[in-house]
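Q: Quick one: sequence and predicted model below, then my questions.
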Amino acid sequence: MIQALLLSALVAGALSCGLPTYLPQLPRVVGGQDAVPNSWPWQVSLQYSSSGEWRHTCGGSLVANNWVLTAAHCISSSRTYRVVLGRHSLSTEEAGSVTIMVSKLVVHEDWNSSQLSKGNDIALLKLASPVSLNDKVQLACLPPAGSILPNNYACYVTGWGRLQTNGALPDILQQGRLLVVDYATCSSSGWWGSTVKTNMVCAGGDGVISSCNGDSGGPLNCRAANGQWEVHGVVSFGSSLGCNYYHKPSVFTRVSNYIDWINSVIANN
Ligand SMILES: *[C@@H]1O[C@H](CO)[C@@H](O)[C@H](O)[C@H]1NC(C)=O
């Protein structure tokens, strides 16, 4: 019990999380741009092995020194995965960057890939060995259970995914400022309607910038009042009409709905 409490304190990250050594640049304008190197130090590249090569497939967030949070739809149980941490350019072997194999895949039990709109698009990946935290590899904070961000709260989506429909895959980590669209708005007709559930967060939909496919599983980073960055969302889906379609914001798994699940998976694996 004491161990479980201690563990949840570590995971919830009251201690050291969400405080990058290299501060991100936070433009007030909406738009995608190269991140400051290593300014989102919990961002990982999830890669799978395919005919002898490792391919970037999704993003993820380091939430404990041996656990990465990502999206269930990123995971195929038949594949072999690794994560690359502390990276800025995917194609460059950077000093301080670490690569670790994934030893266990835990996909949410209520995830059903034929029912994306039911949500539960969340998974945890256990690393084969704990990573040593350094100035480029740090933990994300998780939000308090049940917390809901207000409409228009500014957050940042990060990843190596396309920032434009059918655009090229960037080599440098990208960030994009997205404003939260509250559930009442996002679930209204003309927006996502009933496709969006309360276990999701919407952000974007201004028709200018959004996350795209390659960002799947990556974080929606939102700064709390105390200055710590919390991962409020896991990139889940967007509009088939395009990455940045007007009134079709990116949809994220709402992490604050899954705090108990995250803590129990980590405690029991
Ligand atoms: C997943 O959803 C499909 C389509 O609705 C359904 O036929 C199937 O039984 C579901 N699978 C599970 C494991 O619930």
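A: Good, I have the coordinates.
Q: how about the residues of this structure near the ligand?
A: 112, 114, 115 (C-beta under 6 Å from any ligand atom). (C-beta placed from N, C-alpha, C; glycine too.)
Q: residue boundaries of the helices in the stretch 101-250 of the chain?
A: 183-186 (DSSP state H, counting those that start in this stretch).
Q: circling back to that earlier point, which of the residues of the chain next to the ligand ranks first by neighbour count?
A: residue 112 (13 neighbours; other C-beta atoms under 10 Å).
Q: separation between the closest residue to it other than its chain neighbours and residue 264?
A: Leaving aside its sequence neighbours, residue 112 sits nearest to residue 118 (C-beta to C-beta, 6 or more residues apart in numbering; 6.4 Å). The gap separating residue 118 from residue 264 is 20 Å, by C-beta to C-beta, to the nearest Å.
Q: Residue 77 contacts residue 105, correct?
A: Yes: with contact defined as C-beta atoms under 8 Å, residue 77 reaches residue 105; the gap is 6.3 Å.
Q: if we can go back for a sec, who touches the residue nearest to residue 112 in this structure?
A: Shown in contact with residue 118 (C-beta atoms under 8 Å, 6 or more residues apart in numbering): 110, 112, 197.
Q: rerun that using 10 Å as the cut-off
A: 110, 111, 112, 195, 197, 199, 200 (C-beta atoms under 10 Å, 6 or more residues apart in numbering).
Q: From those residues, keep the buried residues only.
A: Among the contacts of residue 118, those buried by neighbour count (16 or more other C-beta atoms under 10 Å) are 111, 195, 197, 199, 200.
Q: Among the residues you listed, which lie within strands?
A: Using DSSP state E, the subset of those located in strands is residue 200.
Q: follow-up on the earlier one: which one of residue 77 and residue 105 is surrounded by more residues?
A: Set residue 77 next to residue 105 and count neighbours by other C-beta under 10 Å: residue 105 wins out with 17 against 6.
Q: Strands of the chain, start to end?
A: 32-34, 43-50, 53-64, 67-70, 81-85, 98-107, 123-127, 154-159, 174-181, 200-203, 219-223, 229-237, 250-254.
Q: The third one pairs with which strands?
A: Within its sheet, and counting by DSSP bridges, strand 53-64 is paired with strand 43-50 (antiparallel), strand 67-70 (antiparallel).
Q: which intervals of this structure have sub-threshold pLDDT?
A: 1-15, 28-31, 163-166, 206-214, 240-244 (pLDDT under 70).
Q: tell me, what residue is most central in it?
A: In the chain, the residue lying closest to the centroid (C-alpha atoms, centre = their mean) is residue 219, at 2.2 Å.
Q: distance of that one from residue 41?
A: 11 Å.
Q: So for those two, which residues contact both of them?
A: With C-beta under 10 Å, 6+ apart, residue 219 and residue 41 have common neighbours 62, 140, 229.
Q: Weed out the non-buried ones from the residues you listed.
A: 62, 140, 229.
Q: tell me the contacts of the first one?
A: Yep, that's residue 62 we're talking about. Counting by C-beta under 10 Å, 6+ apart, residue 62 has contacts 17, 41-44, 68-69, 83, 85-86, 127, 131, 133, 137-140, 219, 231.
Q: Excluding chain neighbours, what is closest to it?
A: For residue 62, the closest residue by C-beta to C-beta, 6+ apart turns out to be residue 42, at 4.4 Å.
Q: Looks like that neighbour contacts residue 69 (just checking).
A: Yes: using C-beta atoms under 10 Å, residue 42 is in contact with residue 69, at 9.0 Å.
Q: my guess is the residue nearest to the centre of the chain meets residue 58, correct?
A: No: the pair residue 219 / residue 58 is not scored as a contact, 11.4 Å apart, by C-beta under 10 Å.
Q: Quick check: neighbours shared by these two?
A: Counting by C-beta under 10 Å, 6+ apart, the residues touching both residue 219 and residue 58 are 44, 70, 159, 234, 235.
Q: Let me know the distance separating residue 155 from the ligand.
A: Using C-beta to the nearest ligand atom, to the nearest Å, one gets 31 Å for the distance from residue 155 to the ligand.
Q: Next, count neighbours for that residue.
A: Residue 155 - counted by other C-beta under 10 Å - has 24 other residues nearby.
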